[in-house]
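[1] my questions are about this predicted structure, shown below with the sequence.
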Amino acid sequence: MKRLLGALFALALVAGLAPESAEAARVGGGRSMGAQRAAPMQRQATPPAAAAAPAKQAAPATQPAGNRWLGPLAGLAAGLGLGWLFAQGGFGALASALLMALVAGLVIMMLMRIFARRREAPAAPMHYAGLGSETVAAPPPSQLPFAEGGAQPGTSPAVEAPRIPPGFDVEGFLRHAKRNFVQLQEANDRADLAQLREVTTEEMFEALKGDITERGARQQQTEIIMLNASLLEVATEGGAHWASVRFSGTLRESPRAAAEAFEEVWNLQKPVSGETGWLLAGIQQLS
């Protein structure tokens, strides 16, 4: 009987804690890495006057880490406490039967939660903000390197006192930047080191490679629900062009995770001479 109860407790522990034990992560893992620039941190972007409408159904609020552990642990603690009382009080076979029923109910509840999470799959198209109120489907796979802005004039209503050269195609640049943000997440999910090497500086590539190596064979799928982009600055320093793009929105870092808000600056670098495209040189967290 003791072995059976021990096995049931172990099953309940695995069922309750396994979905949270190996969380995936987006490019950069939500931390700052690579080249950091002072200007984007000092000059926060002002929200545009007419932002794109969010998804029709609001994403569930992110649960604190403590709450995710509280349910399974509280159930197990209660079961273990009852088991100890029954064993010490000598209730015999009736107590064992009641305890088995409680543990079985806990296991069933955990399994139902797991299956319910796996069935969650939003069918709405991906929402992009930052270029008016346009809503488009997820971009198809295409060339991953960041596209260079053209010569058409443009403005960035989300930037306060921007450092952007006259005539820089802000709208076209942000359109390509958002597309490549999505594709970089996909390459990171696939652990595609060859593709990541093509669009990152050496320092950034080594950092991302380290994350992928640490992840090992674990599969992950980053789902971008809403993506906003604003151009903070374009500057030329030390023989290289720099562009800082502020990305924000909501995403899931695993299919069973709650949607989370994010906000970070991607610092892109391009040599002044040569035909090399924009490379991701650093990721900068704003908080």
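    Thanks, I have it.
[2] outline the domain layout of the protein.
    For the chain, automatic domain parsing gives the domain ranges 2-15+63-119, 31-57+124-285.
[3] those domains: lowest mean pLDDT?
    Looking at the domains of the chain, the lowest mean pLDDT belongs to domain 2-15+63-119 (a mean of 56).
[4] how about the strands in the stretch 101-250 of the chain?
    127-128, 223-237, 240-252 (DSSP state E, counting those that start in this stretch).
[5] with mean neighbour count added, can I get those in a markdown table?
    C-beta here means a position set from N, CA and C on the backbone, and glycine is covered the same way. Below are the strands of the stretch 101-250 of the chain laid out as a markdown table (neighbours: other CB atoms under 10 Å):
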| stretch | mean neighbour count |
| --- | --- |
| strand 127-128 | 24 |
| strand 223-237 | 20 |
| strand 240-252 | 21 |
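[6] tell me which of these lies nearest to residue 207.
    Comparison of the strands of the stretch 101-250 of the chain against residue 207 by CB to CB identifies strand 240-252 as nearest, at 17.6 Å.
[7] the residue nearest to residue 269 when sequence neighbours are not counted: what's it in contact with?
    Distance criterion CB to CB, 6 or more residues apart in numbering; nearest residue to residue 269, sequence neighbours excluded, is residue 281 at 4.0 Å. Residues near residue 281 by CB atoms under 8 Å, 6 or more residues apart in numbering: 34-35, 200-201, 203-204, 242, 267-269.
[8] closest to residue 229 among those residues?
    Looking across the contacts of residue 281 and measuring by CB to CB, the closest to residue 229 is residue 268, at 11.8 Å.
[9] what's the helix or strand for that closest one?
    Taking DSSP states H and E as the criterion, residue 268 maps to strand 260-271.
[10] partners of that strand, with directions?
    strand 240-252 (antiparallel), strand 279-285 (antiparallel) (DSSP bridges).
[11] can you add distance to residue 227 and give the contacts of residue 281 back as CSV?
    Below are the contacts of residue 281 laid out as CSV (distance: CB to CB, whole Å):
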residue, distance to residue 227
34, 20
35, 22
200, 19
201, 23
203, 25
204, 20
242, 22
267, 18
268, 16
269, 22
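[12] among those, the buried ones, what's the ChimeraX command?
    Selection command for ChimeraX covering only the buried members of these, criterion 16 or more other CB atoms under 10 Å:
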select :34,35,200,201,204,242,267,268,269
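[13] follow-up on the earlier one: now the strands paired with strand 260-271 in JSON lines, with distance to residue 231?
    Listed next are the strands paired with strand 260-271 as JSON lines, based on distance: least, CB to CB, whole Å:
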{"stretch": "strand 240-252", "distance to residue 231": "6"}
{"stretch": "strand 279-285", "distance to residue 231": "14"}
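[14] picking that back up, in a markdown table: the strands of the stretch 101-250 of the chain, plus distance to residue 277.
    As requested, the strands of the stretch 101-250 of the chain are exported to a markdown table (distance: least, CB to CB, whole Å):
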| stretch | distance to residue 277 |
| --- | --- |
| strand 127-128 | 21 |
| strand 223-237 | 15 |
| strand 240-252 | 11 |
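[15] and of the ones you listed, who's closest to residue 169?
    That would be strand 223-237 among these, by CB to CB, at 10.1 Å.
[16] now do that closest one: which elements does it pack against?
    Counting by 3 or more CB pairs under 8 Å, 6 or more residues apart in numbering; DSSP states H and E, the packing neighbours recorded for strand 223-237 are helix 38-42, strand 127-128, helix 170-189, strand 240-252.
[17] relative to residue 220, which of the ones you listed is closest?
    Judged by CB to CB, the one of the helices and strands packed on strand 223-237 that comes nearest to residue 220 is helix 170-189, at 5.3 Å.
[18] residues contacting residue 217?
    Contacts of residue 217 by CB under 8 Å, 6+ apart: none found.
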